[in-house]
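Engineer: Below: sequence and its predicted model.
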Amino acid sequence: MSVAARLDRLPIGRMHRVATAVIGLGLFFDLYENFLAATISGVLKTDLDLSRTELNLLLGSAFLGQFIGALTMGRLADRIGRRPAFMINLAVYSLFSLLGAFSPNAVFLVVTRFIAGIGIGAEFSLADSYLSDLLPKNMRGKFISIAYTVAFFGVPTVGLLARWLVPQQPFGVDGWRWLFVLGGVGSFAVWLVRRGLPESPRWLELQGRHAEADAITTAFEDEARAAGHVLTEPDPSIDVTKAPKSSLRSLFRPPLTRRTVMLWILSVLEVFGYYGFGTLAPIVLMGKGFDLVTSLGFVALTYFGYPLGSLLAVPIVERIERKYLVMASAGGMAAFGLWFGFSTSAWSILLAGTLYTMTSNLFSNAYHVYLADSYPTSIRGTATGAAYSLSKLMTGVLPFLLLPFLDSHGSGPVFGLVAVAMGLLIVDVAVLGHRTTGLSADRFPPVSARGR
């Protein structure tokens, strides 16, 4: 029987939980990186004497690097394997994040953040591909959400560290530089732990490396039997070898064409809602009259909504169809963003911001699982990498769109623009979206049935 079918019938065991935790820790530093520059943009503007253009380049450089990383490393994961790809990307990020701490000027910092972005850019697509390969179909969404809950503690962590370190100079070194050191050293520690993870058995089977795939799958099965579980017969329709070959061209061939178009549009539009808040919030708060330290404190508190929203997804992501969860949470971001943009009192800003970040992470979990659910193993790395690369490219461009709009029109209208993008996203998913909850992306009908 197919390795993919044997994996899909398994209960969750210790090996699944360990892989989920380790992948979540890697994603922790992806989110730490994504929110770092926006969180400390005010102090970087002052310390490095940045112009508005230089600030935009700094905010966008890591995401432009992530565009390249997501596009290339996702493809590489389908060619050389999930495990080698995510070892390479985390090593590159760790090194160049550490180098960024020693930046003498804006140009050096922009370059190091760009290269660090190339390293970390594929982290989400590789994590989604790896966990989707490893986890059984009925628990895939729940445990990917658990990995993201671990990861999203990186967002309030960077907020709290910035609030604590930015006003200080530990050992005579600017506090913001320590934030880059911590990111680089922490991600290297995760890299060391990741060396113990197995390769994806589905990917190994696809490459014809049946003995290796069988050995890893057997270890999962033995663990389940030792825990007292009786395994059901594998589903013969689940077979990775019947999937389309890995190439960008395959994404636009039936039956994948419609979902690829929908997911690419979704990946571009979700940037306005998800990363728009992280890009705008510190600057919006300073524009509302709060000083730098107070603004960082407010941002740190609202950032706790990220892990809370991810935790909220854990019990519901397998119970509500992913398509509808994406639509509903996008509508929540539109509403809470408008509230945040037009708020003036401290309590209203904190409440609206926290509800926004909670909703955005409920959205994020549903989006990531939905994307990984939509493609079979053979093409999952390429497909998710291509979609993520578009979101990273859009995130790199985002400061050049939103910050001038904020300067010209204020915080209320700029979150109105975010709400419009969320409305278009809902229409896209409603019209072109498909169902994935509880289904195996590697399920294909027998040859006799396909011939009818």
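Structural biologist: Ah, there it is.
Engineer: so who does the residue nearest in space to the middle of the chain touch?
Structural biologist: Against the mean C-alpha coordinate of the chain, by Cα atoms, centre = their mean, the closest residue is Phe124 at 4.3 Å. If you count contacts by Cβ atoms under 8 Å, 6 or more residues apart in numbering, Phe124 has them with Leu27, Asp30, Ala70, His368, Thr384, Tyr388. Backbone N, C-alpha and C define where each C-beta goes, glycine included.
Engineer: Specify the local secondary structure of the third one.
Structural biologist: The assignment at Ala70 comes out as helix when based on DSSP: H, G, I helix; E, B strand; the rest coil.
Engineer: Same question for the second one.
Structural biologist: Remark: Asp30 carries the secondary structure label helix [criterion: three-state DSSP].
Engineer: Enumerate every residue touching it.
Structural biologist: The neighbourhood of Asp30, defined by Cβ under 8 Å, 6+ apart, consists of Ile120, Glu123, Phe124, Ala151, Gly154.
Engineer: where's it relative to Asp49, distance?
Structural biologist: 29 Å (Cβ to Cβ, to the nearest Å).
Engineer: now do the first one
Structural biologist: When Cβ to Cβ is applied, the distance between Leu27 and Asp49 equals 34 Å.
Engineer: now the third one
Structural biologist: In this view, Ala70 and Asp49 are 32 Å apart by Cβ to Cβ.
Engineer: Give the residue from those two that has the larger number of neighbours.
Structural biologist: Neighbours per residue, other Cβ atoms under 10 Å: of Ala70 and Asp49, the larger number sits with Ala70, 31 against 10.
Engineer: isn't the more buried one right up against Ser125?
Structural biologist: Yes. If you go by Cβ atoms under 8 Å, Ala70 and Ser125 touch, sitting 5.7 Å apart.
Engineer: shared neighbours of these two, anything?
Structural biologist: Gly385, Tyr388.
Engineer: Where does the nearest residue to Phe363 once chain neighbours are set aside sit: helix, strand or coil?
Structural biologist: Ranked by Cβ to Cβ, 6 or more residues apart in numbering and with sequence neighbours excluded, the top spatial neighbour of Phe363 is Ser329, at 3.6 Å. What three-state DSSP gives for Ser329 is helix.
Engineer: my guess is Ser329 meets Thr359, correct?
Structural biologist: Yes. Counting by Cβ under 8 Å, Ser329 touches Thr359, with 5.4 Å between them.
Engineer: on that earlier part again, which of the contacts of Asp30 has the most neighbours?
Structural biologist: Among the contacts of Asp30, Ile120 has the most neighbours (other Cβ under 10 Å), with 32 neighbours.
Engineer: how near is that one to Arg113?
Structural biologist: For Ile120, the distance to Arg113 - Cβ to Cβ - is 10 Å.
Engineer: Mutual contacts of those two, please.
Structural biologist: Common neighbours of Ile120 and Arg113, using Cβ under 8 Å, 6+ apart, are Ala62.
Engineer: where does the stretch 151-300 of the chain have low pLDDT?
Structural biologist: 239-247, 278-279, 282, 286-297, 299-300 (pLDDT under 70).
Engineer: Show me where it has its helices.
Structural biologist: Here the stretch 151-300 of the chain has its helices, by DSSP state H, counting those that start in this stretch, at 154-165, 175-194, 201-206, 210-226, 257-287, 292-302.
Engineer: biggest helix in the protein, by residue count?
Structural biologist: Identified as the longest helix of the chain according to DSSP state H is helix 377-409.
Engineer: What are the buried residues along it?
Structural biologist: 377-399, 401-403, 406 (16 or more other Cβ atoms under 10 Å).
Engineer: what do you get for stretch 425-437?
Structural biologist: Leu425, Ile426, Asp428, Val429, Leu432, Gly433, His434, Thr436, Thr437.
Engineer: Am I right that the fifth one is in contact with Arg258?
Structural biologist: Yes. Under the criterion of Cβ under 8 Å, Leu432 makes contact with Arg258 at 5.8 Å.
Engineer: how about the helices of the stretch 1-150 of the chain, start to end?
Structural biologist: Using DSSP H, counting those that start in this stretch, helices in the stretch 1-150 of the chain cover 3-8, 14-39, 41-47, 52-80, 82-100, 106-120, 123-134, 140-152.
Engineer: ranking the ones you listed by burial, who's on top?
Structural biologist: With neighbours taken as mean count of other Cβ atoms under 10 Å, those reach their highest mean count in helix 123-134, at a mean of 29.
Engineer: And that helix, how far out from the chain middle?
Structural biologist: Its chain's average C-alpha position is 10 Å from that of helix 123-134, according to Cα atoms, centre = their mean, to the nearest Å.
Engineer: can you give me the mean pLDDT across it?
Structural biologist: Taken as a whole, helix 123-134 has a mean pLDDT of 86.
Engineer: Could you do stretch 94-103 as well?
Structural biologist: pLDDT averaged over stretch 94-103 gives 86.
Engineer: can you list contacts of that stretch?
Structural biologist: With contact meaning Cβ under 8 Å, 6+ apart, stretch 94-103 is reached by 33, 48, 108-109, 112-113, 115-116, 119, 177-181, 183-185, 187-188, 191.
Engineer: If we use 10 Å, what do you get?
Structural biologist: 29, 32-33, 36-37, 44, 48, 62, 65, 108-120, 173-174, 176-191 (Cβ atoms under 10 Å, 6 or more residues apart in numbering).
Engineer: Just give me how far it sits from the chain centre.
Structural biologist: 22 Å.
Engineer: quick revisit: take the helices of the stretch 151-300 of the chain and write them to JSON lines, including distance to Gly416.
Structural biologist: Conversion of these to JSON lines gives the following (distance: least, Cβ to Cβ, whole Å):
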{"stretch": "helix 154-165", "distance to Gly416": "24"}
{"stretch": "helix 175-194", "distance to Gly416": "32"}
{"stretch": "helix 201-206", "distance to Gly416": "44"}
{"stretch": "helix 210-226", "distance to Gly416": "50"}
{"stretch": "helix 257-287", "distance to Gly416": "11"}
{"stretch": "helix 292-302", "distance to Gly416": "19"}
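Engineer: Mean neighbour count, these: which tops it?
Structural biologist: helix 201-206 (a mean of 26).
Engineer: Surely Arg79 touches Gly385?
Structural biologist: No. Arg79 is not in contact with Gly385 according to Cβ atoms under 10 Å; the separation is 11.4 Å.
Engineer: what is in contact with these two at once?
Structural biologist: Ala85.
Engineer: rewinding a little: looking at the helices of the stretch 1-150 of the chain, which one has the lowest mean pLDDT?
Structural biologist: Looking at those, the lowest mean pLDDT belongs to helix 41-47 (a mean of 68).
Engineer: residue contacts, Thr173?
Structural biologist: Not quite, residue 173 is Val, not Thr. For Val173, the contacting residues are Ala101, Phe102, Leu165, Val181, by Cβ under 10 Å, 6+ apart.
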